[in-house]
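In: Dropping the sequence and predicted coords here.
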Amino acid sequence: MRRSFDAWNELDIEAIRGCYTEDALIGTAIIELGGTLEGDDPIGHWVAETRETWAEVHWDIERLFEGHEVVLSFYRATGIGRESGVEVVQELAGVYRIRDGLIASERIYLDREDALEAAGLRE
């Protein structure tokens with residue numbers, strides 16, 4: 001997970017792709033209000049959208065939780081809007097399903113309690 005965050009902070013598309021399975025499914029509450037990226041090069045589409053929206057962006061891991069074939073991250077995203085120049089800071093959570101040491105699916109949550117539940121880490 002840390003390698004993935006480092007790659008995203010550099011927006012190094014090849015390093016990012018190396019963290020995900022070829023058939024990765026990415027769902028987020030951020031992209032198109034709950035959309036899913038899958039199919040032909042979801043990582044490439046996500047990086048392109050990120051570059052189009054943000055002049056600068058950075059993700060800082062606050063905490064990682066590990067379960068059986070699942071990782072949950074709490075992190076803070078900071079971005080500067082490309083058009084507005086406004087800085088936006090958002091606390092997020094990501095639930096990652098891991099297969100063969102790579103991210104097979106990723107779902108980003110605005111509500112950390114929802115993420116804990118989705119990861120099966122909340123009683």
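Out: Nice, I can see it. Residues are numbered from 1 along each chain as shown.

In: you'd agree residue 81 is up against residue 52?
Out: No: counting by Cβ atoms under 8 Å, residue 81 stays clear of residue 52, with 10.9 Å between them. Any C-beta I mention is one placed from the backbone N, CA and C, and that applies to glycine too.

In: Who has more neighbours out of the two?
Out: residue 81 (14 against 9; other Cβ atoms under 10 Å).

In: low-confidence ranges in this structure?
Out: Within the chain, the ranges that satisfy pLDDT under 70 run 28-40, 123.

In: ok, 50 please
Out: When residues are selected by pLDDT under 50, those of the chain lie in 31-34.

In: That one: helices as residue ranges?
Out: 2-10, 13-17, 42-53, 112-118 (DSSP state H).

In: Can you tell me which of these is nearest to residue 64?
Out: In terms of Cβ to Cβ, the element of those nearest to residue 64 is helix 2-10, at 8.0 Å.

In: Please export the alpha-carbon coordinates of that closest one; PDB is fine.
Out: Written as PDB, here are the backbone C-alpha positions of helix 2-10 (Å, rounded to 0.1, in the frame of the first residue of the first chain):
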ATOM      1  CA  ARG A   2       2.800   2.400   0.800                       C
ATOM      2  CA  ARG A   3       4.300   1.800  -2.600                       C
ATOM      3  CA  SER A   4       0.900   2.600  -4.200                       C
ATOM      4  CA  PHE A   5       0.700   5.900  -2.300                       C
ATOM      5  CA  ASP A   6       4.200   6.800  -3.300                       C
ATOM      6  CA  ALA A   7       3.500   6.100  -6.900                       C
ATOM      7  CA  TRP A   8       0.200   8.100  -6.800                       C
ATOM      8  CA  ASN A   9       2.000  11.000  -5.100                       C
ATOM      9  CA  GLU A  10       4.500  11.100  -8.100                       C
END
